[in-house]
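Visitor: Quick one: sequence plus predicted model below, questions after.
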Amino acid sequence: MNSIFAPSSLSCLPSLYNNPSPNKHTSNFSFVNHRVSSLSIKSTFIAPKSTNCAAIPSDGTVSVINFEEFVEKDWSFLDVDDVNSDKVYKQNIDRIISAGKVGEDSKVLISTGSEGFVDQVVDTCSYKQLLVVHDSLFVLACIKEKYDKVKCWQGELIFVPEKWVPFDVVFLYFLPSLPYELDRVFGALSKICSPGARIVISHPKGREMLEQQKAEYPDVVVSDLPDKLKLESVASHQSFTVVDFVDQPGFYLAVLEHTK
């Protein structure tokens, strides 16, 4: 199975992932210039310094990084709910996925999705291609360990490489994490989406939960969910039309179609 990390190194992740510093950003890692993808993972291995994770692939390029100098943002709050035990939460997730109308020939993009949301898409949908874009290398590592055929890329949504486009379905699972104005986001999407593509913006717990998350994770939650008027105004300038919109205290869903 292709992986960012060798299997024996995964045991080192929990302590790093669960104890992030809110005052640091992943920019400490940017000098390595890694992009996680099905094309690059075989040749990339990250070995934490001063740990017991010593397994190194014999046929890859070894990049040793001092993890004492690298601290990720904390994304654990996206997976706080157990889909199997919370009936309302599961129904909301199912509703979000259904809104995408994923088909067997669909090329799907998930931006800043939780690991649980990716699990649900993989378990319930048939698709041609699935790309997960996330800021977190650790989240992508966990996803890649489970789903070898799922493509993973660490970086920003507006810089997704052209080799995977065009997309037929885009799930903006956690839009408030994107540090860009809405018009720039839709400008980028208009270039990588096929005609008729569906954009699904969502929050399975709605604005009330988002406000709590914003207070607790200000370094991650850097923007808000757009109201209908703002969404329609920005979307229309980039050839998108709002076809469904739900904004309730406990659930948010906006579905748009690319009319270009």
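Guide: It's in. Numbering: from 1, shown residues only.
Visitor: buried set for the longest strand seen in the chain?
Guide: In the chain, with assignment by DSSP state E, the single longest strand is strand 193-203. Of all the residues in strand 193-203, those buried under the rule 16 or more other C-beta atoms under 10 Å are 193, 197-203. No exception for glycine: its C-beta is placed from N, CA and C like everyone else's.
Visitor: Kindly indicate which of those residues lies nearest V221.
Guide: Using C-beta to C-beta, the shortest approach to V221 within those belongs to H203, at 10.7 Å.
Visitor: which ones are touching the closest residue to that closest one other than its chain neighbours?
Guide: Spatial nearest neighbour of H203, excluding adjacent residues (C-beta to C-beta, 6 or more residues apart in numbering): Y252 at 4.1 Å. The neighbours of Y252, taking C-beta atoms under 8 Å, 6 or more residues apart in numbering as the test, are 201-203, 206-207, 210, 225, 246.
Visitor: Go through the residues you listed and say which is closest to K149.
Guide: Nearest member of the contacts of Y252 to K149, counting by C-beta to C-beta, is S202, at 24.1 Å.
Visitor: Looking at the closest one now. What's its pLDDT?
Guide: Per-residue confidence at S202 stands at 97 (pLDDT).
Visitor: How about it: which residues does it bridge to?
Guide: L253 (DSSP bridges).
Visitor: That one contacts I96, correct?
Guide: Yes - between S202 and I96 there is a contact under C-beta atoms under 8 Å: 4.4 Å.
Visitor: what is in contact with the two at once?
Guide: Common contacts of S202 and I96 (C-beta under 8 Å, 6+ apart): 171, 173, 253.
Visitor: Please tell me how far S194 sits from G103.
Guide: The gap separating S194 from G103 is 12 Å, by C-beta to C-beta, to the nearest Å.
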